[in-house]
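Novice: build me a structure from this.
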Amino acid sequence: MGFHGVSAVERALKKVLAPLCVASGVVVVSGFFFPDALAAIVSGQGWLVVSLLFFGSVLAYLAVLPGRGDGTDDTLSGAAYFLQIRRLGPVDTVRDFLSRHDPVTFGVPVAGLVAFFVLQTLLPERTIAAVGAVEGVVTGQLGPLFVAVMLLSVVFCLYLLFGSLGDVRLGGPDAEPAYSYSVYFTMFFSAGIAAGIVFWGPAAGLFHYGTVPPFFDVPAQSDAAITAALTTTLFHWGFSAWSAYIVVGVPIAYFVYQHGAPLRVSSLLTPFLGVDGLDSNWCRLVDLLAVFATVGGIATSVSLVGQQFLTGINYQWGVPFDSTGALLFAAGLTLVFVISAQSGVHRGIRRNSVVNVLLFALVGILLLALVPRSFVIEEGSRAVGSYVVNFVPMSLTLGGEWIAAWTVFNWSWWFSWAPFAGLFLAALSRGRRIRTVVFTGFVATSLATMVWFLLMGATSLYVQHRGIADVLGAISAAGGSEAVAGYPVLDALPLSELLIFLFLALIIAFIVTSADTSTLVISILASRRTLAPTTGTIVVMGVFQGLVAVGVLVTGSSAVLQTAAVLTGGPFAIVALVAIAGLVVGYRRDGREDKALHDRAQETLDERGVTLVPERPDLREGKEP
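Specialist: Sure, this is the predicted structure:
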């Protein structure tokens, strides 16, 4: 796979970032472990600035380092071509900018989000009321649709794992993966989960412990409520959630690599429109919704993790939580993920994803070493057992305000991210069997997510239930903000300073590895269908996402925009149904009739020379070889 070369700007950044990283790192580490020594030198917003400089400069420095394959390869085609970012000069970038972009998938999201913020500023009450009314319809009346499609998605993932369709190698029998399996996993996991896993890790279980879901008829804040809380968390963040990405991503990959469709979300419509018909208005609508959902989702995520990061800075150094700090955070983060995105998949996105997962694993190992293991193992085992036993009943539970506010909203949120995560999964999956893709994006990612929520969630519940710290009280004192939940929990453990330091680093790493990928994806969708994105496109779309995040912070509309973005989950739940049907239809058209499970088992036994039923030549006559 070819990638654009290292630019003069990147070489200059490399020279600046290295000493900046070292200097800010010394200050931040000293401030964490020897705060009194620097109290007279750094204070207030200075801690926010120096923290962002350190965490951001590390990730940005990794992105601008040279790597193998630098230089544009004009012979590439298909998905590899669209992943190759084209570098144009300043004059060509400005002159050709509009001609290189689709007026619908580029112009409409920009105009729509600008209009949203204008309305939110001028008519805030009416805007909130309108979005709330639509949300009521989506999460209320369309609730059964989300529940049914999500359960069907899980079933379809199992079908892909065990059916013959899973044997298909994307790109043909001789296609080779571009990345090792470990890198493949880290890139998709980092992009798909975003900072939500850090934001909700310590908080989700506490909410369900304080207010037990109606499915579990147990007293709130009781021993039984712990199992109910962890079970519910696993349900919302486990196999069901990740299946939404698979049912969108695998059909895209199949039609991109087996039929030559372009690398776009709308390519899942190939069996109905044909490759030559993918320039239709229906396809533009699908790609348009994908861009809007991705920008809205990333912008609100930046806003949420900004609150969490700033809360941590306040918790550590008493820095006031104000709009200036929030704007500094959004601007600094945007700069980092734009640098990472414009460097390409092989450099910034790949390297930062690896760092992110290594950091994630380190925090997990430290938690396992420092938390009360007997409590975590006992309650975790109960929760896993409860999750297995209650998965189907919980998946079929309908109606009620709690289901609408939690389960349906969560399913809508996952489906709204499915086009972005699914397209990226498809882009990475050439050369892999569909079974491997599903195992990675459905099984491995779900297990990693659930282990984290069991570790972090059980620790939060232990601290709260045993009265070591009043985390629910801290959340209430913060106006109900979940952002504060992690800090009193980590503060109650040994090596609390180190844990909080790594926790803040993990917040930055996760959001950067999602935002840089989302910037690449929407740049592909915003470009004309035959053109790969340019560095100019990457910068413009990255800055646009950052400006949306700033707009969210300035107008205080994070909840409204998040809800508006999530509402695109309704259309994509329907798109997921179309994708499932299209993949089955396309596979059968290709002459690969799926074999029944017992036929596959019999073939395996025959290969191993095992005969369960004596041969009868008369029955074998005429049978196809």
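Novice: for residue 29, which non-adjacent residue is spatially closest?
Specialist: Closest residue to residue 29 apart from its sequence neighbours, by Cβ to Cβ, 6 or more residues apart in numbering: residue 501 at 7.7 Å. Any C-beta I mention is one placed from the backbone N, CA and C, and that applies to glycine too.
Novice: what pLDDT does that neighbour get?
Specialist: Listed pLDDT for residue 501 reads 89.
Novice: ok, and for the helix or strand hosting residue 335, which residues are buried?
Specialist: Counting by DSSP states H and E, the element that carries residue 335 is helix 323-342. Going by neighbour count (16 or more other Cβ atoms under 10 Å), the buried part of helix 323-342 is 325-326, 328-330, 332-342.
Novice: pick out the residue closest to the middle of this structure.
Specialist: Geometric centre of the chain, nearest residue: residue 192, 2.2 Å, by Cα atoms, centre = their mean.
Novice: for that residue, list the residues it contacts.
Specialist: Contact analysis of residue 192 by Cβ atoms under 8 Å, 6 or more residues apart in numbering lists 242, 245, 417, 421, 424, 425, 441, 445, 514.
Novice: can you tell me the SS state at it?
Specialist: helix (DSSP: H, G, I helix; E, B strand; the rest coil).
Novice: next one, pLDDT for it please.
Specialist: Reported pLDDT for residue 192: 90.
Novice: where do the helices sit along the stretch 51-200 of the chain?
Specialist: 78-83, 90-96, 108-122, 124-136, 143-162, 181-193, 196-200 (DSSP state H, counting those that start in this stretch).
Novice: CA atoms only for the third one, dumped as CSV, please.
Specialist: This file holds the C-alpha atoms of helix 108-122, laid out as CSV (Å, rounded to 0.1, in the frame of the first residue of the first chain):
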residue,chain,number,x,y,z
VAL,A,108,-25.0,19.7,2.8
PRO,A,109,-23.4,18.6,6.2
VAL,A,110,-21.5,21.8,6.4
ALA,A,111,-24.6,23.9,5.7
GLY,A,112,-26.8,21.7,7.9
LEU,A,113,-24.5,21.9,11.0
VAL,A,114,-24.1,25.7,10.5
ALA,A,115,-27.8,26.1,10.4
PHE,A,116,-28.2,23.9,13.5
PHE,A,117,-25.9,26.1,15.6
VAL,A,118,-27.6,29.3,14.3
LEU,A,119,-30.9,27.9,15.4
GLN,A,120,-29.5,26.7,18.7
THR,A,121,-28.1,30.2,19.4
LEU,A,122,-31.1,32.2,18.2
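Novice: what about the biggest helix by length in the chain, average pLDDT?
Specialist: Taking DSSP state H as the criterion, the chain has its longest helix at helix 281-317. The average pLDDT within helix 281-317 is 85.
Novice: that one: which residues count as buried?
Specialist: Those buried within helix 281-317 under the rule 16+ other Cβ under 10 Å are 283-317.
Novice: mind putting the contacts of residue 192 into TSV with neighbour count and distance to residue 254?
Specialist: Putting those into TSV (neighbours: other Cβ atoms under 10 Å; distance: Cβ to Cβ, whole Å) gives the following:
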residue	neighbour count	distance to residue 254
242	30	18
245	29	15
417	31	20
421	29	16
424	27	16
425	26	12
441	27	14
445	24	20
514	30	25
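Novice: so which of those sit within helices?
Specialist: Those of the contacts of residue 192 lying in helices (DSSP H): 242, 245, 417, 421, 424, 425, 445, 514.
Novice: ok, now which ones touch the last one?
Specialist: Same thing as residue 514. 190, 191, 192, 193, 194, 195, 298, 301.
Novice: how close does it sit to residue 449?
Specialist: Using Cβ to Cβ, to the nearest Å, residue 514 is found at 14 Å from residue 449.
Novice: show me what the helix or strand containing residue 365 packs onto, helices and strands only.
Specialist: Applying DSSP H and E as the criterion places residue 365 in helix 350-370. The contact analysis (3 or more Cβ pairs under 8 Å, 6 or more residues apart in numbering; DSSP states H and E) places helix 350-370 against helix 45-64, helix 181-193, helix 445-465, helix 496-526.
Novice: residue 165: how many residues sit nearby?
Specialist: Counted with other Cβ atoms under 10 Å, the neighbours of residue 165 add up to 22.
Novice: pLDDT score assigned to the closest residue to it other than its chain neighbours?
Specialist: Of all residues not flanking residue 165 in the chain, residue 587 sits nearest, at 5.5 Å (Cβ to Cβ, 6+ apart). Residue 587 is assigned 93 on the pLDDT scale.
Novice: what of residue 71?
Specialist: Residue 71 is given a pLDDT of 49.
Novice: ok, now residue 250?
Specialist: At residue 250, pLDDT is 97.
Novice: do the same with residue 605
Specialist: 55.
Novice: residue 48 against residue 318, yeah?
Specialist: No - with contact defined as Cβ atoms under 8 Å, residue 48 does not count as touching residue 318 (11.5 Å).
Novice: among those two, which residue is more densely surrounded?
Specialist: Using other Cβ under 10 Å as the criterion, residue 48 and residue 318 rank with residue 48 on top: 23 against 10.
Novice: which residues touch the more buried one?
Specialist: 310, 313, 319, 325, 328, 329.
Novice: from those residues, which is closest to residue 495?
Specialist: residue 313 (19.4 Å; Cβ to Cβ).
Novice: hmm, back to that, list the contacts of the residue nearest to residue 29.
Specialist: Residue 501 touches 28, 29, 32, counting by Cβ under 8 Å, 6+ apart.
Novice: so what's the last one up against?
Specialist: With contacts taken as Cβ under 8 Å, 6+ apart, residue 32 has the following neighbours: 316, 497, 498, 500, 501.
Novice: wasn't it part of a helix?
Specialist: Yes - under three-state DSSP, residue 32 falls within a helix.
Novice: could you measure from it over to residue 314?
Specialist: 14 Å.
Novice: now do the second one
Specialist: Noted for residue 29: a distance of 19 Å to residue 314, by Cβ to Cβ.
Novice: mind putting the ones in helices among the contacts of residue 192 into JSON lines with pLDDT?
Specialist: Output for those, formatted as JSON lines (pLDDT from 0 to 100):
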{"residue": "242", "pLDDT": "97"}
{"residue": "245", "pLDDT": "96"}
{"residue": "417", "pLDDT": "90"}
{"residue": "421", "pLDDT": "94"}
{"residue": "424", "pLDDT": "95"}
{"residue": "425", "pLDDT": "95"}
{"residue": "445", "pLDDT": "97"}
{"residue": "514", "pLDDT": "90"}
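Novice: what does the model give residue 243 for pLDDT?
Specialist: pLDDT at residue 243 comes out at 97.
Novice: count of neighbours near it?
Specialist: With other Cβ under 10 Å as criterion, residue 243 counts 28.
Novice: surely it touches residue 150?
Specialist: Yes - between residue 243 and residue 150 there is a contact under Cβ under 8 Å: 7.0 Å.
Novice: next one: residue 249 from residue 542, what distance?
Specialist: For residue 249, the distance to residue 542 - Cβ to Cβ - is 23 Å.
Novice: these two: who's more crowded?
Specialist: Using other Cβ under 10 Å as the criterion, residue 249 and residue 542 rank with residue 249 on top: 30 against 27.
Novice: is it correct that that one falls within a helix?
Specialist: Yes - Residue 249: assigned to a helix according to three-state DSSP.
Novice: check whether it really touches residue 441, as I assumed.
Specialist: Yes - using Cβ under 8 Å, residue 249 is in contact with residue 441, at 6.6 Å.
Novice: any residues in contact with both of those two?
Specialist: In contact with both residue 249 and residue 441: residue 425, using Cβ under 8 Å, 6+ apart.
Novice: which residues does residue 109 contact?
Specialist: Shown in contact with residue 109 (Cβ under 8 Å, 6+ apart): 288, 291, 292, 295, 522, 526.
Novice: all good on my end, thank you.
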